[in-house]
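Sharing a model prediction with you, sequence too.
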Amino acid sequence: MSFHPQTLAIRGGKEQTEYNEHHQALFLTSSFMFNNAQDGADLFNKNKDGFTYSRTANPTVSAFQNRVAQLEHAEAAIATATGMAAIQAALMTFLNAGDHVIISRCLFGTTMGFITGHLMRFGIEVSFVSPTKPEEWQKAIRPNTKMFFLETPSNPLNEVADLERLANIAHDNNALLVVDNCFCSSALQQPLQHGADLSVQSATKAIDGHGRVLGGVVCGKNELINAIAMYVNACGLSLSPFNAWVLLSGVETLFARTKQASESALKIAQWLKQQAQIQAVHYAGLPEHPQAHLVAKQQAAGGFVLAFEVKGGTNAAWKVIDNVQLFSKTANFGDVRSTITHPWTTTHCRIPPEDKQQSGIQEGLLRISVGLEHVDDLISDLKQALEKI
Ligand SMILES: Cc1ncc(COP(=O)(O)O)c(C=O)c1O
């Protein structure tokens, strides 16, 4: 029988023990015993399936990996301690000194910091281009280009990249297309279905959905995931079994949460557009979004994160933050509780001001992640805060 993704999110990938437990068991153990010396040798030499040590593999983590792989239409997945570990592993496994990588200039600040502060230290050449202009990616190709990396929709401006076009350009040049799927999660977008080679995600966000634990996951073909798994094991980037167990519960409600949050986010975006204090609203779900045709093709809904710019720069933006009563003032997103943050001074604070401006992040920009509170309460909260500017 084949099942819908909503069913797989709840039942996919379970590792069942002999005790017939209904919920996925938590294997909170750092190592596994061998029956005898020969058994240990067989397990370590992979002559036999099984578990040896939780940095390498663990049944609870495997259940999480298998479930997310099913949702992303991937042959396999490898889980990591954080979303940043997933990004690091996806990039470092395949890049060598002297290689060239083309990267979207619209990225989460820490990802940008990893690329400029670390990746480039190892002799990897980087070109930054616009996520929405495939011709820039084509033009940036060099004989040593090995990878394209981008977020779609981008954090925080919701720019949407044409995955199929970029995949074609990458593959024509023997490069891998790696996509950060954080803003949609596996419920709203499956990048591999549009030609990506690897889909990377911070499970800390919508997969957990309740702001409890950190985690990351990379999905793709067996061959690529096996190579990343070796890197994750060697560098100790593995997801803890406890976090995997928490994330397995989170993923069960992922479809219902992202559907409702996307509906509320659209209502909020439409309301914000009418407000006098607002300069611009950036939301992939709006019909007038510049890449609406791609959103319709690639995403099941607009998503749960939107950004809007208030007139009056940082002062005005901070007044909104300081006056909201319901929104949590925190940088996480994808939570059942709505959150608000000021990218200029928080998530993107270490990016130089001119680079922020070049990627469209202005001082008056606020990012909100829409949770499951009643949408009218969220709008009332924003209304009273905007009135304080
Ligand atoms: C788009 C994006 N990618 C990756 C990450 C990193 O995830 P983590 O915080 O789980 O390391 C974040 C975190 O906010 C993010 O927004």
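Yep, it's here.

And for the closest residue to the ligand within the chain, nearest residue in space, chain neighbours not counted?
Closest contact between the chain and the ligand, by Cβ to the nearest ligand atom, is at G83 (2.4 Å). The way it works is simple: take the backbone N, C-alpha and C, and place the C-beta from them, glycine included. Spatially, and ignoring its direct neighbours in sequence, G83 is nearest to S202 (2.4 Å; Cβ to Cβ, 6 or more residues apart in numbering).

tally of neighbours for the one you found?
Other residues near S202 come to 28 when the count uses other Cβ atoms under 10 Å.

cool, and V370?
29.

Setting aside sequence neighbours, what's the nearest residue to it?
Leaving out its chain neighbours, V370 is closest to A265 (Cβ to Cβ, 6+ apart), at 4.2 Å.

Just to be sure, the one you found is in a strand?
No. Read with DSSP: H, G, I helix; E, B strand; the rest coil, A265 is helix and lies in no strand.

who's in contact with it?
With contact taken as Cβ atoms under 8 Å, 6 or more residues apart in numbering, A265 is in contact with Y283, G285, G302, G303, F304, V305, L306, V370.

Can you list the residue ranges for helices in the stretch 101-250 of the chain?
109-117, 134-140, 163-172, 185-188, 222-235, 241-252 (DSSP state H, counting those that start in this stretch).

returning to what we had before: tell me the pLDDT at the residue nearest to V370?
A265 is assigned 98 on the pLDDT scale.

how close does it sit to L91?
Between A265 and L91 the distance is 30 Å, computed by Cβ to Cβ, to the nearest Å.

again with T204
18 Å.

next one: K273
Applying Cβ to Cβ to K273 and L91 gives a distance of 37 Å.

Those two: who's more crowded?
When K273 and L91 are compared for neighbours, L91 comes out ahead with 26 against 14, by other Cβ under 10 Å.

then the host helix or strand of that one to CSV, C-alphas only?
Using DSSP states H and E, L91 maps to helix 83-92. Backbone C-alpha positions of helix 83-92 (Å, rounded to 0.1, in the frame of the first residue of the first chain) are rendered in CSV as follows:
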residue,chain,number,x,y,z
GLY,A,83,20.6,22.9,11.1
MET,A,84,24.0,24.5,10.9
ALA,A,85,25.6,21.1,11.2
ALA,A,86,23.4,19.9,8.4
ILE,A,87,24.6,22.8,6.2
GLN,A,88,28.2,22.2,7.1
ALA,A,89,28.0,18.5,6.4
ALA,A,90,26.3,19.0,3.1
LEU,A,91,28.9,21.5,1.9
MET,A,92,32.1,20.1,3.4
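
Check the offset of it from the chain's centre.
On the basis of Cα atoms, centre = their mean, to the nearest Å, helix 83-92 sits 11 Å off its chain's mean C-alpha point.

count of neighbours near M147?
Neighbour number of M147 under other Cβ under 10 Å is 21.

gap between it and A175?
From M147 to A175 the distance is 5 Å (Cβ to Cβ).

Name the residues contacting each of these two.
I102.

Surely N66 is in a helix?
Yes. If the criterion is three-state DSSP, then N66 is within a helix.

What ranges does the stretch 201-350 of the chain have for its strands?
Assigned by DSSP state E, counting those that start in this stretch, the stretch 201-350 of the chain shows strands spanning 216-220, 278-282, 305-310, 328-329, 339-341.

Adding distance to E252 and mean pLDDT, write those out as TSV.
Converted to TSV, those look like this (distance: least, Cβ to Cβ, whole Å; pLDDT from 0 to 100):
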stretch	distance to E252	mean pLDDT
strand 216-220	15	98
strand 278-282	30	97
strand 305-310	21	98
strand 328-329	23	98
strand 339-341	22	97
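
Just name the most buried of those strands.
Compared across the strands of the stretch 201-350 of the chain, strand 216-220 shows the largest average neighbour count, a mean of 30 (mean count of other Cβ atoms under 10 Å).

What is it packed up against?
Contacts defined by 3 or more Cβ pairs under 8 Å, 6 or more residues apart in numbering; DSSP states H and E place strand 216-220 against helix 59-71, strand 76-80, helix 83-92, strand 198-202, helix 222-235.

domain ranges for this protein?
Listed domain ranges for the chain are 5-252, 254-386 (source: automatic domain parsing).

Show me which residues of the helix or strand hosting Q6 are buried.
Using DSSP H and E, Q6 sits in helix 5-11. Buried residues in helix 5-11, counted by 16 or more other Cβ atoms under 10 Å: P5, L8, A9, I10.

now stretch 19-39
Q24, A25, L26, F27, F32.

wait, which of these is closest to S62?
F27 (9.3 Å; Cβ to Cβ).

ok, now which ones touch that closest one?
Counted by Cβ under 8 Å, 6+ apart, F27 has contacts S54, N58, P59, T60, P241.

make it 10 Å
15, 17, 51, 54, 58-63, 241-242, 244-245 (Cβ atoms under 10 Å, 6 or more residues apart in numbering).

Low-confidence regions, the stretch 101-250 of the chain specifically.
Across the stretch 101-250 of the chain, nothing is flagged by pLDDT under 70.

how about the residues of it near the ligand?
Proximity of the stretch 101-250 of the chain to the ligand is confined to F108, T111, E151, N155, D180, C182, S202, T204, L214, G216 under the rule Cβ under 6 Å from any ligand atom.

Now for those residues: which two are most distant?
So, these by Cβ to Cβ: farthest apart are E151 and L214, at 18.3 Å.

The two: who's more crowded?
Set E151 next to L214 and count neighbours by other Cβ under 10 Å: E151 wins out with 24 against 20.

Just list whatever residues bridge to that one.
Here E151 sits in beta bridges with D180, going by DSSP bridges.

mind listing what it touches?
Neighbours of E151 in contact, by Cβ under 10 Å, 6+ apart: 87, 104, 106-108, 111, 131, 157, 159-161, 179-184, 200.

again with L294
Taking Cβ under 10 Å, 6+ apart as the test, what L294 contacts is T132, T152, P153, E159, V160, A161, D162, L163, E164, R165, H194, A284.

pretty sure G312 is touching Q277, no?
Yes. G312 is within contact range of Q277, at 7.7 Å (criterion: Cβ atoms under 10 Å).

Cool, thanks, signing off.
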